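Student: My questions are about this predicted structure, shown below with the sequence.
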Amino acid sequence: MRAITLCAIALAALGTGCSTLNPRPPVDIAEPTYAKPEPIVAPVVNNGAIFQATQYRPLFEDHRARLVGDTITVVIVEKVSASQTSTSKVDKTGKLSVGVTALPFVAPNSFGRASAAGTSSNSFEGKGSTENTNDFSGTITATVTGVLPNGHLLVGGEKQIGVNHNVDVLRFSGQIDPRAIQPGNTVQSAQIANVRIEHRGRGQQADANGIGWLARFFLNVLPI
């Protein structure tokens, strides 16, 4: 019985080690990613007017997201490229020569070895280069989760696709200026503020791309 308990504790420790030794970097997705429309309260007095304060929407309007619970299609077009190159070069050369040719009451041939010379040279050269390119494209339909006082829309969305033992997860959040919404109720991610995009996988395929917990442990403790 004691051996079974020790085995269970060891397995639990190994499971904990897998998650702590190889953590995934988090993405600060604005929560929530979904919001239901506010409930419609029936007016106390139905005066037959077109405008009803509790459930007003214009009779003639283009199909664009405006209220909490509306949906909008986000076209993810993110392309970031950065490069940096630096070059440094320093050269320094020095030369010194000292000699004595004549002194009073001393024969000239006595100064054959009365001279000194010295040279110094210092050179440094360094080069550095950094380049980073990211390209991400896709489409996701997000939900309006809030409306700011200036009319900007807070949106969030999540898409999950499961195939066999693998799950592909795409999450998105951001802030949209209604003037950036194009016909067809679409907006490009480059025109959205505070964009947060997360694209990850769960399952066997994602596990195969990670380093084993034991190898990860030795990589963390080894000095090189």
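Tutor: That came through, no problem.

Student: Check the gap between Ser173 and Val144 for me.
Tutor: Note on Ser173: its distance to Val144, by CB to CB, to the nearest Å, is 11 Å. For the C-beta atoms, the positions are set from N, CA and C on the backbone; glycine is no exception.

Student: next one: Leu96
Tutor: As judged by CB to CB, Leu96 and Val144 stand 78 Å apart.

Student: how about the helices in this protein?
Tutor: Applying DSSP state H to the chain gives helices spanning 2-21, 204-208, 213-221.

Student: Quickly, which of the ones you listed bottoms out on average pLDDT?
Tutor: Least confident of the helices of the chain, judged by mean pLDDT, is helix 2-21 with a mean of 53.

Student: and Phe124, what are its bridge partners?
Tutor: Taking DSSP bridges, one finds Val90 as the beta-bridge partners of Phe124.

Student: Quick check, pLDDT for it.
Tutor: You'll see Phe124 listed with a pLDDT of 79.

Student: who's more crowded, Ser173 and Val144?
Tutor: Neighbours per residue, other CB atoms under 10 Å: of Ser173 and Val144, the larger number sits with Ser173, 25 against 20.

Student: mind listing what the more buried one touches?
Tutor: Each residue near Ser173 by CB atoms under 8 Å, 6 or more residues apart in numbering is listed here: 29-31, 33, 142, 154-157, 194-196.

Student: what do you get for Gly203?
Tutor: Each residue near Gly203 by CB under 8 Å, 6+ apart is listed here: 164-167.

Student: Quick check: the gap between it and Ile140.
Tutor: Where Ile140 is concerned, Gly203 sits at a distance of 20 Å (CB to CB).

Student: likewise Ala82?
Tutor: Counting by CB to CB, the separation of Ala82 from Ile140 is 25 Å.

Student: One more: Asp168?
Tutor: Counting by CB to CB, the gap from Asp168 to Ile140 is 12 Å.

Student: These two: which is more packed in?
Tutor: Shown here are Asp168 and Ile140; by other CB under 10 Å, Ile140 has more neighbours (20 against 16).

Student: Any stretches of the protein with poor pLDDT?
Tutor: The chain contains residues with pLDDT under 70 at 1-27, 34, 36-61, 98-116, 204-210, 212-219, 222-224.

Student: again, only using 80
Tutor: Along the chain, the model assigns pLDDT under 80 to residues 1-62, 94, 96-118, 120, 124, 132, 134, 165, 202-224.

Student: the strands in the protein, which residues?
Tutor: Counting by DSSP state E, one finds strands in the chain at the ranges 71-99, 115-147, 153-163, 166-176, 186-188, 192-203.

Student: out of those strands, nearest to Asn220?
Tutor: Closest of the strands of the chain to Asn220 is strand 192-203, at 22.1 Å (criterion: CB to CB).

Student: Flag every buried residue along the closest one.
Tutor: Under the neighbour-count criterion of 16 or more other CB atoms under 10 Å, strand 192-203 has 192, 195, 197 buried.

Student: Would you mind reformatting these (as JSON lines) and adding columns for distance to Gln182 while you're at it?
Tutor: Formatted as JSON lines, these follow (distance: CB to CB, whole Å):
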{"residue": "Ile192", "distance to Gln182": "12"}
{"residue": "Val195", "distance to Gln182": "17"}
{"residue": "Ile197", "distance to Gln182": "19"}
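
Student: List just the nearest of those residues to Ile72.
Tutor: For these, the nearest to Ile72 is Ile192 (10.0 Å; CB to CB).
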